[in-house]
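> Fold the following, please.
(one chain, ligands or ions: 1)
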Amino acid sequence: MDADTLKLRAAERALDYIKPGMKLGLGTGSTAEKFVDLVGTRVVDGLDVVCVPTSEATRAQAQALGIPLTTLENEPELDLTVDGADEVDESLRLIKGGGGAHLREKIVAAASARMVVIADDTKRVSKLGAFPLPVEIVPFGWRATLLMVRDTVVENGCKGSVTPRGSEEDPFVTDNGNYILDCAFGQIDNPDKLAEELSRLPGVVEHGLFIGMTSSAVISGENGVEIIGAAP
Ligand code: 5RP
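Numbering: from 1, shown residues only. You can find the predicted model right below:
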């Protein structure tokens, strides 16, 4: 099975978590995109849901599909968010932000009673960190923030590079007008502590470690779909 089919299988199974009348958070990325397509089809068939997108890309996709949208300003408490991930470990800790949307993704997930992650089994890891950890920072003083992030990760036993996404002349800019630092460590021995310490740094808006936020992961592989955590 190719990667696209595996992503689709996970997205299809995640539909089981939706109930009519729900307020849904819609994730970002190629796996979440498949889920949004499926929600769009269900909406055409009469499913009653209202959704909050986690990025401008997802907003545009959902709008084009005719999915009713709202905002967290209007609906600050959601029933369920379904989103992809760059890595998921056995404790349902995640690395997210490969698409640079983790700030909104985390806000929307935190506002949701449940977060379901959808992924193919290449995202499943025993230890987080092979995927570079994204850290969103404000542009003001970004070089100073980069140095603080570097010191903090070293103090937490993480070895590797911390580099701005894009180039210095043309940095990647998030939907929120911020920059991203990609922290390539290979492995993160204590993700919980690193998450806390990065959150303390001035200039850091949000990092891509999602700890204690995910209720279920729907993982698809060659042998079918496996659910870690709560069933639908
Ligand atoms: C975007 C994300 C995505 O969910 C993550 O990068 C996974 O994307 P994909 O499904 O394309 O592999 O966190 O910020």
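> What distance do you get for residue 49 to residue 105?
Distance of residue 49 to residue 105, computed by C-beta to C-beta, to the nearest Å: 18 Å. C-beta: built from backbone N, CA, C; applies to glycine.
> try residue 36
From residue 36 to residue 105 the distance is 13 Å (C-beta to C-beta).
> the more surrounded of the two?
residue 105 (32 against 25; other C-beta atoms under 10 Å).
> helix or strand right after the helix or strand containing that one?
Assigned by DSSP states H and E, residue 105 falls within helix 102-110. The first helix or strand that comes after helix 102-110 along the chain, using DSSP H and E, is strand 112-120.
> helices or strands up against that next one?
Applying 3 or more C-beta pairs under 8 Å, 6 or more residues apart in numbering; DSSP states H and E, we find strand 112-120 packed against helix 3-14, helix 30-44, strand 78-83, strand 216-221.
> Paired strands for it, with orientation please.
strand 78-83 (parallel), strand 216-221 (parallel) (DSSP bridges).
> nearest spatial neighbour of residue 107, skipping sequence neighbours?
residue 72 (6.9 Å; C-beta to C-beta, 6 or more residues apart in numbering).
> Assign a three-state SS to that neighbour, would you?
What DSSP: H, G, I helix; E, B strand; the rest coil gives for residue 72 is coil.
> ok, it to residue 22 distance?
Taken as C-beta to C-beta, the span from residue 72 to residue 22 is 15 Å.
> ok so, going back, just the angle for the helix holding residue 105 relative to strand 112-120, thanks.
120 degrees (axes from the mean of the first three to the mean of the last three C-alpha atoms, to 10 degrees).
> Determine how far helix 102-110 lies from the middle of the whole chain.
Relative to the chain's own centre, helix 102-110 is displaced by 7 Å; criterion: C-alpha atoms, centre = their mean, to the nearest Å.
> What of stretch 42-57?
With C-alpha atoms, centre = their mean, you get 18 Å for stretch 42-57.
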